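*Asks:* dropping the sequence and predicted coords here.
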Amino acid sequence: MERRLSEWAAQDNRKPLLLRGARQVGKTFAVRRFARQFDCFIELNLEHAGDRAPFGRELEAEDVFQAIVLRKHARPVDGKTLLFLDEIQECPEAVQVLRYFYEKMPDLYVVGAGSLLEIALAKADIEFPVGRVQHLVMYPLSFVEYLNAVGESDAASVLDEVPLPSHATSRLLELFHRYAMVGGMPEVVARYAEARNAPALQDIYASLLQSYLDDVPKYARNDTMARVLDHCIRTAPLEAGTRITFTGFGQSNYRSREVGEALRTLEKALLLHLLYPTTATQIPIRPDMRKAPRLQFLDTGLLNYFAGLQDQYFLHADLHSFYRGLLAEHIVAQELLCHRADLLHKPCFWTRQKSQSSAEVDFVMAHNGRVIPVEVKAGKTGRMRSLHQFVDAAKPGCAVRLYAGPLETCDAQTPSGTPYRLLSLPYYLAPKITDYLNWLSSTAVQ
């Protein structure tokens, strides 16, 4: 995240930045760490009435900034100054002022961080300053960030080598297995880094989930919606990784419209994602919003806690060996999401267009003008029936399998005789699929 913040700061036509993400994913920590690059750092927490005060009157941007400087007893110098507006959703007027910082004070570096932003603006009847701000989304820690946080920076650096050295495969699989159990919530990872004690993490998971439940009144427009939201937050971890229907979600009596509104609200709060299927076998990959989505919860570690699955990680060496393989798919999706810094590009999975077919490929992605199928699988390649149906239909020339094994490539063909190259990668290389597809192409040329 610090790299992305630095890239934003280096832009010539830089706009104020809105750093968005669910609560407790480390937004404040990331900005404070980034602030070490600046000569002056001014931080406001807009949950506090005093810090909101400069935005309470219709002042010019320069006057707002002077009021902030006086209130915080700051001493801006001739060098770079970073103004950080934390919990910006608590002061929608501050969001409006961002456009004037951009227009009147372009040399000032401004970052706002928060969650529930659209909901807060809608309640305050304030329009978003379209075209005057930039957006960056923050997710739980990725595998690489987790490795650095728990003192495994050498292992993290190996991931940048393409192809991956064969000697690193097994050790990285062990570390990824533990990452999938712990998850990427910063407070959880920090506690785990101290003692490597999984049972000691239970109170943090419980506290995080309770904080999301406590936020329900902020999401809800009335008491009925509050009850639906509460139900959806409690149910979402148990439905994660599966395709869902809105009607009766989580064995409830709630209607499709109520559940749909609640889940979309929680998606705006970045507590979950609805990943939609596509029937496309050619570019562009267009999600079909009419079909049942797959539910992705905020963090696999929280999912494990809520579903009581942590002990299974000590009993099985492969993520695909328990919980119907859903955890392997879920952590792969989490990795794919957190390596994209926007909300516009979410992973899609593929379903066959024919109504009588149940074929489904875990993920599809665009590469060099083709749609590449990606399966999260254990076992023999001959069992990948859905992938073979996709290859027969799309003829992509290659396909990807993510599994608990080493980097391998082989020439293969479907039962119908369509040839393709199969690229098998260990789970933790999911964010590097594009790099490895490029590598696969280069080896084919040679």
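*Replies:* Looks like it arrived, so ask away.
*Asks:* next secondary structure element downstream of the helix or strand bottoming out on mean pLDDT in the chain?
*Replies:* The helix or strand of the chain with the poorest confidence is helix 117-124; it has a mean of 70 (mean pLDDT, DSSP states H and E). Where DSSP states H and E defines the elements, the next helix or strand beyond helix 117-124 is strand 134-137.
*Asks:* need the contact partners of that next one.
*Replies:* For strand 134-137, the surrounding residues in contact (CB atoms under 8 Å, 6 or more residues apart in numbering) are 4-5, 8, 14-21, 270, 340-343. In this view, the C-beta of every residue, glycine as well, is placed from N, C-alpha and C.
*Asks:* got a list of what the nearest residue in space to Gln310 that is not next to it in sequence touches?
*Replies:* Counting by CB to CB, 6 or more residues apart in numbering, Asn304 is the residue found nearest to Gln310 once chain neighbours are left out, at 5.1 Å. Shown in contact with Asn304 (CB under 8 Å, 6+ apart): Ala180, Met181, Gly183, Gln310, Tyr313, Leu327.
*Asks:* just checking, the second one touches Tyr313?
*Replies:* Yes - Met181 is in contact with Tyr313 according to CB atoms under 8 Å; the separation is 4.0 Å.
*Asks:* the more surrounded of those two?
*Replies:* Met181 (23 against 18; other CB atoms under 10 Å).
*Asks:* so what's the more buried one up against?
*Replies:* Residues near Met181 by CB under 8 Å, 6+ apart: Ala198, Gly301, Asn304, Gln310, Tyr313.
*Asks:* mind checking which of those land in helices?
*Replies:* The helices, defined by DSSP state H, take in Gly301, Asn304, Tyr313 from the contacts of Met181.
*Asks:* isn't Glu62 up against Asp107?
*Replies:* No - shown here, Glu62 and Asp107 do not form a contact pair, counting by CB under 8 Å, at 11.7 Å.
*Asks:* show me which of these two is the more surrounded one.
*Replies:* Each of Glu62 and Asp107 had its neighbours counted (other CB under 10 Å), and the higher figure belongs to Glu62 (13 against 7).
*Asks:* now that one: how far from Leu98?
*Replies:* 14 Å (CB to CB, to the nearest Å).
*Asks:* with Thr81 instead?
*Replies:* For Thr81, the distance to Leu98 - CB to CB - is 15 Å.
*Asks:* so what's the gap between the longest helix along the chain and the chain middle?
*Replies:* The longest helix of the chain (DSSP H) is helix 223-239. Centroid displacement of helix 223-239 relative to its chain, using CA atoms, centre = their mean, to the nearest Å, is 21 Å.
*Asks:* any idea which element the closest residue in space to Thr443 that isn't next to it in sequence lies in?
*Replies:* Of all residues not flanking Thr443 in the chain, Thr409 sits nearest, at 7.3 Å (CB to CB, 6+ apart). Remark: Thr409 resides in strand 408-413, with elements defined by DSSP H and E.
*Asks:* what packs against the helix or strand following that strand?
*Replies:* Next helix or strand after strand 408-413 toward the C-terminus (DSSP H and E): strand 419-426. If contacts are counted by 3 or more CB pairs under 8 Å, 6 or more residues apart in numbering; DSSP states H and E, strand 419-426 sits against helix 169-182, strand 398-403, strand 408-413, helix 433-445.
*Asks:* show me where pLDDT drops low in this structure?
*Replies:* In the predicted model of the chain, residues 121-122, 124-126, 341-344, 355-357, 378-382, 444-446 satisfy pLDDT under 70.
*Asks:* domain map for it?
*Replies:* Domain assignment for the chain by automatic domain parsing gives 2-137, 143-273+290-345, 350-445.
*Asks:* looking at these, which is nearest to Ile283?
*Replies:* For the domains of the chain, the distance to Ile283 is smallest for domain 350-445, at 5.8 Å, taking CB to CB.
*Asks:* so what's Gly405 up against?
*Replies:* Residues near Gly405 by CB under 8 Å, 6+ apart: Thr169, Ser424, Pro426.
*Asks:* mind checking the SS state of it?
*Replies:* Here Gly405 is recorded as coil under DSSP: H, G, I helix; E, B strand; the rest coil.
*Asks:* quick check: it vs Leu309, distance?
*Replies:* Using CB to CB, one gets 22 Å for the distance from Gly405 to Leu309.
*Asks:* returning to that earlier point: in terms of contact, does the residue nearest to Thr443 touch Leu425 like I think?
*Replies:* No - Thr409 lies out of contact with Leu425 (CB under 8 Å); the separation is 9.7 Å.
*Asks:* and these two? which has more neighbours close in?
*Replies:* In terms of neighbours (other CB under 10 Å), Leu425 is the more surrounded of Thr409 and Leu425; the figures are 22 against 17.
*Asks:* so where do the helices sit in the stretch 1-150 of the chain?
*Replies:* Secondary structure of the stretch 1-150 of the chain (DSSP state H, counting those that start in this stretch): helices at 2-9, 27-34, 49-52, 61-72, 92-104, 117-124, 143-149.
*Asks:* list of residues touching the fifth one?
*Replies:* To tie it back to what came earlier, the one meant is helix 92-104. 15-16, 18, 46, 52, 55-56, 60-62, 64-65, 83, 85, 88, 108, 110, 112, 117, 120-121, 123-124, 126-129, 132-133.
*Asks:* same question, the fourth one
*Replies:* Applying CB under 8 Å, 6+ apart, the external contacts of helix 61-72 come out as 42-44, 50-51, 53-55, 59, 74, 76, 83, 97, 100-101, 103-105, 108.
*Asks:* let's see it at 6 Å
*Replies:* The contact list for helix 61-72 (CB atoms under 6 Å, 6 or more residues apart in numbering) reads Ile42, Pro54, Val97, Tyr100, Phe101, Lys104, Met105.
*Asks:* equivalent analysis for the last one, please.
*Replies:* Helix 143-149 is touched from outside by Ala155, Ala156, Phe176, Tyr179, Gly184, Val189, Ala193, Tyr428, with contacts defined as CB under 6 Å, 6+ apart.
*Asks:* which strand residues bridge the residue nearest to Thr443?
*Replies:* For Thr409, the beta-bridge partners under DSSP bridges are Leu423.
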